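[1] Here you go, sequence then predicted model.
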Amino acid sequence: MSAESTKSGPPLQTSLSINFLIIGGGIAGLTAAIALRRVGHNALVLEKANKATARGFGGGVRLPPNLTKILFHWGLKPVLMRRALISHTMTFMKYESSEYLGEHVWDKGVLKETRGIYMLSTHDDLYEIFYNKAIELGAEIQYDAHVVDIDVESRQVTLENGKTVSGDVLVGADGELGVSRETVVGTPANGHPTGVAMYDTLIPSGELEDYVKSIWKDNAIFTAFGNNQAMLAYPVHDTDEIALQFYGPDEKSGNYGDEPSVYVPDIAKGLHTKLLSRMTNADKAVRISVRAHEDIEDWVSDDGPLVVIGEAAHPFPPGTIQATAMAVEDAAVLAKLFSHLSEERQVQSFLYAFQELRQPRTRAVRAGEFGNIFYMTLADCEETVRRDNGMRAKAAAGGRNVLEGLAGDVSRLWDEIRTIFGYDCEDEADDWWVRWGVLRERAIQRSSVIMDEESMLFDFSAMGVHVHEVEAAGDSDE
Ligand SMILES: Cc1cc2nc3c(=O)[nH]c(=O)nc-3n(C[C@H](O)[C@H](O)[C@H](O)COP(=O)(O)OP(=O)(O)OC[C@H]3O[C@@H](n4cnc5c(N)ncnc54)[C@H](O)[C@@H]3O)c2cc1C
């Protein structure tokens, strides 16, 4: 049997189909539409941009096993196998000197545990795959539909053109700067700049060909640790291109969706000339500021059925392994819970269950992702010397897995990665239903039986009074 997750068959269908109004048609919005349609709900997505802008220019996205296992359940394995690449290896080097530090190969045991595979893709490819699936399943997606106001109590949104649209449940999937997050929190909650930015672009792989051949076996994800900077590089688009992500100082603020504006040699100045000299033909990069956000306490509005998901709920630093994965996990969990919907009264408790399930997971994973960026870009110090020496020693001893068995933070990060990859969010949602949802339903049914019995008792006693009166009347007649 394959190591990958093998769940198959049609998902449980809701017995009460309702209308979900999804604000924002990025990855979270589209996958929420897919997941909700799969279980029998209606989904309307409102996206402020046009489709080409929403797809983005095509920067790299890593798809870890906790994400691919969900997509395989949704029947997307064949298209992913055609359009994404499978990666088994991470390669490490020093940014400034290009010294090779070693490699780490995902061994079969780890992948078997996770029941997924590690894949590499781009935002535009993934977007197209999700868009097509959502349409195939009957979701409605409206572009140029900019939501400017949300009236939670009346379950209605107003668009920039003055039109109003309503739904039974409102899902805020409009990102970290969207209107939903602010509506739920009650004040703007846009975080603050960290002074670091991620610069995202692509380069034809031919430009790096000789270098690629020597170091890029097995669709490796290549990480260069620098002094306050770092670079990630991995093949995409059938290996025709290399996705490049640089972390470095943020001179101006920027976001995904901005026009690519940064000339790569300008931001990769410290990179060893062997690589830097090949960067002149890279497309201009998009600057995405790394912003830090407070955790927001509530993901569900106090005023009614509005829930935030994806970046609107838990903004991740850009370019990290788990940002896209967490958005898709949110979508999958929301739909799993709502597959059990049988009565309107359950809506709010399912939304709170969603929050309860997703908050601890996303908080832990997000902290780890900040840790990874910190670790990659750590200024030269004793800790970086220990990290590098540990890897060199492992590599020299013939060890392929330089992350394993190291002392301190690297080892801790590696253990966390294994746990994060192994998580099955759909199983967690099923567990919630079995452990709490079903109990709650039974308790409600029991209390309604008691209430019915009480009302029947009341009826009986009323009849008793009536009988008594009749009897009394009969008595008196006699
Ligand atoms: C254009 C674009 C390109 C990206 N490219 C990459 C990439 O190359 N690599 C990578 O790792 N990550 C990329 N990301 C980020 C990635 O999609 C997220 O990190 C993550 O997957 C979850 O996204 P999300 O859907 O929750 O939020 P977002 O990706 O922020 O999507 C939110 C969506 O809501 C829409 N929206 C915002 N406000 C409103 C409103 N008021 N009314 C209606 N719609 C609204 C936005 O236009 C956007 O499409 C990109 C994001 C965007 C928007």
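    That came through fine. Here the structure is a predicted model, which means the values were calculated and not measured.
[2] First-to-last residue distance for stretch 265-274?
    This stretch, stretch 265-274, spans 12 Å end to end (CA to CA, to the nearest Å).
[3] for that stretch, the distance to its chain's centre please.
    Mean-position distance between stretch 265-274 and its chain equals 32 Å (CA atoms, centre = their mean, to the nearest Å).
[4] Residues in contact with it: which ones?
    Here stretch 265-274 makes contact (CB atoms under 8 Å, 6 or more residues apart in numbering) with 94-98, 199, 211, 224, 226-227, 229, 231, 246, 248, 275-276, 279-280, 285. Placement of C-beta: from N, CA and C, glycine included.
[5] how about a cut-off of 10 Å?
    By CB atoms under 10 Å, 6 or more residues apart in numbering, the residues outside stretch 265-274 that reach it are 93-99, 197, 199, 201, 210-211, 224, 226-229, 231, 244, 246-249, 251, 262, 264, 275-280, 282, 284-285, 287.
[6] Please see if stretch 143-156 touches the ligand.
    Yes: using CB under 6 Å from any ligand atom, stretch 143-156 reaches the ligand at 146-147.
[7] How many neighbouring residues does Thr31 have?
    31 (other CB atoms under 10 Å).
[8] Any quick ChimeraX command for the buried ones out of the contacts of stretch 265-274?
    Buried subset of the contacts of stretch 265-274, written as a ChimeraX selection, criterion 16 or more other CB atoms under 10 Å:
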select :93,94,95,98,197,199,201,211,224,226,229,231,244,246,247,248,262,264,275,278,279,282,285,287
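[9] Helices - which of the contacts of stretch 265-274 land there?
    The members of the contacts of stretch 265-274 that map onto helices under DSSP state H are 210-211, 264, 275-276.
[10] and which of the residues you listed is nearest to the ligand?
    Of all the ones in helices among the contacts of stretch 265-274, the ligand sits closest to Val264, with 15.3 Å by CB to the nearest ligand atom.
[11] which residues touch that closest one?
    When contacts are counted by CB under 10 Å, 6+ apart, Val264 touches 199, 201, 203, 244, 246, 271, 276, 278-285.
[12] And for Leu202?
    By CB under 10 Å, 6+ apart, the neighbours of Leu202 are 57-60, 122, 236-237, 240-244, 260, 282-283, 285.
[13] what's the closest of these to Glu294?
    Gly59 (26.8 Å; CB to CB).
[14] Wait, that closest one touches Ala285, no?
    Yes: at 8.7 Å, Gly59 counts as touching Ala285 under the criterion of CB atoms under 10 Å.
[15] intersection of neighbour lists for those two?
    Residues touching both Gly59 and Ala285 (CB under 10 Å, 6+ apart) are 198-202, 244-245, 260.
[16] near the ligand, which residues of this structure show up?
    Counting by CB under 6 Å from any ligand atom, the chain sits next to the ligand at 23-29, 46-49, 54, 56, 59, 61, 123, 146-147, 173-175, 178-179, 200, 256-257, 310-312, 316, 319, 323-324, 327.
[17] Which of those are buried, as a ChimeraX select command?
    Only the buried entries of the residues of the chain next to the ligand go into this ChimeraX selection, using 16+ other CB under 10 Å:
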select :23,24,25,26,27,28,29,46,47,48,49,54,56,59,61,123,146,147,173,174,175,178,179,200,256,310,311,312,316,319,323,324,327
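[18] So which of the residues of the chain next to the ligand sit within helices?
    Those of those lying in helices (DSSP H): 27-29, 54, 123, 179, 323-324, 327.
[19] Let me have the residues you listed in TSV, extended by distance to Arg82.
    TSV is the format used below for these (distance: CB to CB, whole Å):
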residue	distance to Arg82
Ile27	19
Ala28	24
Gly29	24
Ala54	22
His123	17
Val179	37
Ala323	24
Thr324	19
Ala327	23
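[20] for these, which one is nearest Lys108?
    Thr324 (24.8 Å).
[21] So the closest one versus Glu311, what's the distance?
    Counting by CB to CB, to the nearest Å, the gap from Thr324 to Glu311 is 10 Å.
[22] Which neighbours do the two have in common?
    The contact sets of Thr324 and Glu311 overlap at 26-28 (CB under 10 Å, 6+ apart).
[23] Adding pLDDT, write those residues out as CSV.
    Formatted as CSV, the shared contacts of Thr324 and Glu311 follow (pLDDT from 0 to 100):
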residue, pLDDT
Gly26, 98
Ile27, 98
Ala28, 98
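[24] Return the member of the residues you listed nearest to the ligand.
    When these are ranked by distance to the ligand (CB to the nearest ligand atom), Gly26 comes first, at 2.3 Å.
[25] and that closest one, what does it touch?
    Applying CB under 10 Å, 6+ apart to Gly26 gives the contacts 45, 47, 49, 54-56, 123, 127, 130, 173-175, 178, 256-257, 310-312, 324, 327.
[26] hang on, the earlier thing: between the contacts of Val264, which sits nearest the ligand?
    Closest to the ligand, out of all of the contacts of Val264 and judged by CB to the nearest ligand atom, is Thr201, at 9.5 Å.
[27] residue boundaries of the strands in the stretch 1-150 of the chain?
    In the stretch 1-150 of the chain, the segments counted as strands under DSSP state E, counting those that start in this stretch are 19-23, 42-46, 60-63, 85-86, 89-94, 100-105, 119-122, 140-142, 147-151.
[28] can you redo these as TSV with mean pLDDT and distance to Asp427?
    Shown next, in TSV, are those (pLDDT from 0 to 100; distance: least, CB to CB, whole Å):
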stretch	mean pLDDT	distance to Asp427
strand 19-23	98	23
strand 42-46	98	23
strand 60-63	97	19
strand 85-86	94	23
strand 89-94	91	27
strand 100-105	88	27
strand 119-122	97	21
strand 140-142	98	29
strand 147-151	98	32
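[29] Ala397: which of those is closest?
    Proximity to Ala397 (CB to CB) singles out strand 100-105 among the strands of the stretch 1-150 of the chain, at 10.0 Å.
[30] which residues sit against that closest one?
    For strand 100-105, contacts defined as CB under 10 Å, 6+ apart pick out 88-94, 214-215, 217-218, 220-225, 387-397, 399-404, 414, 417.
[31] hmm, which of those residues are the buried ones?
    Neighbour counting by 16+ other CB under 10 Å classes 88-94, 215, 220-225, 387-388, 390-391, 394-395, 399, 401-404, 414, 417 among the contacts of strand 100-105 as buried.
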